[in-house]
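1. Need a 3D model of the following:
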Amino acid sequence: MELKKEIINIAKKAKIASRELSLLSSETKNRVLEAMAQALLDNAKIIIKANKLDIANALRNRLTKALIDRLGVNKDRIDLMAKSILELTKLADPVGEVTKAWRRPNGLWIHKMRTAIGVIAIIYESRPNVTSDCIGLCFKSGNSVILKGGSEALNSNLAIYSVLKEVLKRNGICEDVISIVSSKNRKAVDVLSKLNNYIDLVIPRGGESLINHVAKVSRIPVIKHYKGICHVYVDEWADLNMAEKICFNAKVQRPGVCNAMESMLVNRHVAARFLPGMIKKFKEAGVEIRGCGFTRKIIKGVKKAREKDYRTEYLDLILSVKVVEDSKCAIEHINNYGSHHSDSIVTDNYDNAMEFLKQVDSACVYANASTRFTDGYEFGMGTEIGISTDKLHARGPMALEELTTYKYIIFGNGQIRT
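-> A predicted model of the protein is given here:
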C-alpha cells in the first residue's frame, strides 16, 4: 500500500508539473538542456562510481557480456550522453508548430498545432544512457517524465537522475517534471501502468516479457518498443563484397542492441559463393552460426538452426542463417519470423529492391545498408526514446516530433452553427 501511495504521489506531481512545463519558451528549455549536458560532464566521476556498483552486481549475477556492455558507463559514453542532450538544443521545438491551416467557407480559420502529450512513463532495462536521453527528450518536447529503470542499473540511473534534477532546481524549474521510481518491487510497474488519471502514455523498453506484461496490465495507451529480430537478405543480384561488409557490420559492430542483425538470409544462387567467406569471417569474430540444412551442406560443422532460432533476438554473437529460393521467399520469411523492426536487402536489382522495400512490413526497411542505422541520431532526428514497432501513433525512431500529439486551434468572428 505504501508503494502505491508513493507512486500515485509521484504521478500527481508530474501531472501538475507538466502544465508548468508547457509554458516554458524554447529558449528557456534550450538553456536548461545546455546546463544538463554540462552537468553530466562535470559529474562524470560520480556517475561512473555508481555504475561500478551495478557492474559488480551484474558480474555477480552472471549477466552476459552483451548485457554488461549495455549496462556499462565510462567517460566516452558520458560524453555521448551529454552530446545527445546538447544536440536537442539544435533541433526545432515541435511544441506549438502549426502543421496545417485552412479557412472554411463560413470564415473559420482552423489550425492543426503540435502540443505535448502530457505525462509519459518510461519503463526500461539495462542501459543507463536511456535515463538522460528520456529526460532530455521529454523536457524539450514539453512532457513530464516518470522513469522506472531496471534494478540492474539502479545505481547508475539514480546518479544520472540526481545530477539532472539538480539542474532544474538551479534554474528555477519545477523539479517534478522529471521523476524516478526507485523501488525494486516488481509491483511498481503494475501500479504505474494503471494510473490513467495522471499518466497519458506508457513506453516500455526492454525484453519481450516486460513489454508483453506492460501491454497486458496497462490502462494507459502503450507504445511498444519491441524486440529487434532484424534480417539482412543477400539477393541473387547482390554485390557480394558489399553484402559481406553490410552483414558483418549489422551483426558484429554492436550485437547487444535492437537494430543488430539476428538472422541472415541468402539467395540459393549465390549461397555457395557467399557463405564460406562470410561464415569464416563471422567465426573469426566469435559469432556462433546456426544454419538451415542447405547452409550446413555448404559449411560443415555449423550448428543446426531450430524453428525457435528464427524467432529469437539473441542480443549476442549468435546468428541464424537460412538459404532461400528468391526475394519473395525472403520477404515471406521476414514478415513471418521478424518483429517489424529493421530489415535490409543487398541487391543491384532495382525491381527486387523496390519489391522488398514495399512488401516487408517493418518500421525501417533498407536497400544496400546496414540495419544498424535505425537510430534517431543517425536519421538526423536527434536522440530517441526508442524504436517503436507499433503502427500508431509512432513507428520507428521515436524522437521529439513523435513525443507530441496535436490539437485544433480555431479562430472565428462570431460564427454560429445552424
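2. which ones are touching residue 214?
-> 123, 189, 193, 202, 204, 222 (CB atoms under 8 Å, 6 or more residues apart in numbering). To be clear about C-beta, it is placed using only N, CA and C from the backbone, and glycine gets the same treatment.
3. Tell me who's in contact with residue 230.
-> Contacts of residue 230 by CB under 8 Å, 6+ apart are 250, 258-263, 338-339, 341-344, 371, 374.
4. What of residue 235?
-> Residue 235 sits next to 267, 270, 327, 330, 345, 346, 347, 349, 352 when contact means CB under 8 Å, 6+ apart.
5. Determine how far the helix or strand that the fifth one is a member of lies from the middle of the whole chain.
-> Using DSSP states H and E, the secondary-structure element containing residue 345 is strand 342-346. Its chain's average C-alpha position is 18 Å from that of strand 342-346, according to CA atoms, centre = their mean, to the nearest Å.
6. Direction included, what does that strand pair against?
-> Strand 342-346 has the following strand partners under DSSP bridges: strand 230-234 (parallel), strand 364-367 (parallel).
7. Most tightly packed of these?
-> strand 230-234 (a mean of 28; mean count of other CB atoms under 10 Å).
8. Using the record's assignment, carve the protein into domains.
-> Taking automatic domain parsing as the reference, the chain has its domains at 2-225+385-411, 230-373.
9. can you list these in TSV and add mean pLDDT and distance to residue 379?
-> Shown next, in TSV, are the domains of the chain (pLDDT from 0 to 100; distance: least, CB to CB, whole Å):
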stretch	mean pLDDT	distance to residue 379
domain 2-225+385-411	95	5
domain 230-373	97	8
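10. ok so, going back, could you point out which element follows the strand holding residue 345?
-> By DSSP H and E, the next helix or strand past strand 342-346 is helix 350-359.
11. hmm, who's touching that next one?
-> Helix 350-359 has contacts (CB under 8 Å, 6+ apart) with 233, 235-237, 327-328, 330-331, 335, 345, 347, 365, 367-368.
12. Apply 10 Å and report the result again.
-> With CB atoms under 10 Å, 6 or more residues apart in numbering as the test, helix 350-359 has contacts from 233, 235-238, 267, 326-328, 330-332, 334-335, 343-347, 349, 365-368.
13. could I get the contacts of residue 235 as CSV with distance to residue 104?
-> CSV is the format used below for the contacts of residue 235 (distance: CB to CB, whole Å):
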residue, distance to residue 104
267, 55
270, 59
327, 48
330, 49
345, 46
346, 51
347, 49
349, 49
352, 47
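14. Which one (most neighbours) among the contacts of residue 214?
-> Using other CB atoms under 10 Å as the neighbour criterion, residue 202 leads those with 28 neighbours.
15. Packing partners of the helix or strand it falls within?
-> Assigned by DSSP H and E, residue 202 belongs to strand 201-205. The elements that strand 201-205 packs onto, with contact taken as 3 or more CB pairs under 10 Å, 6 or more residues apart in numbering; DSSP states H and E, are strand 119-124, helix 129-140, strand 144-148, helix 187-192, helix 208-217, strand 387-388.
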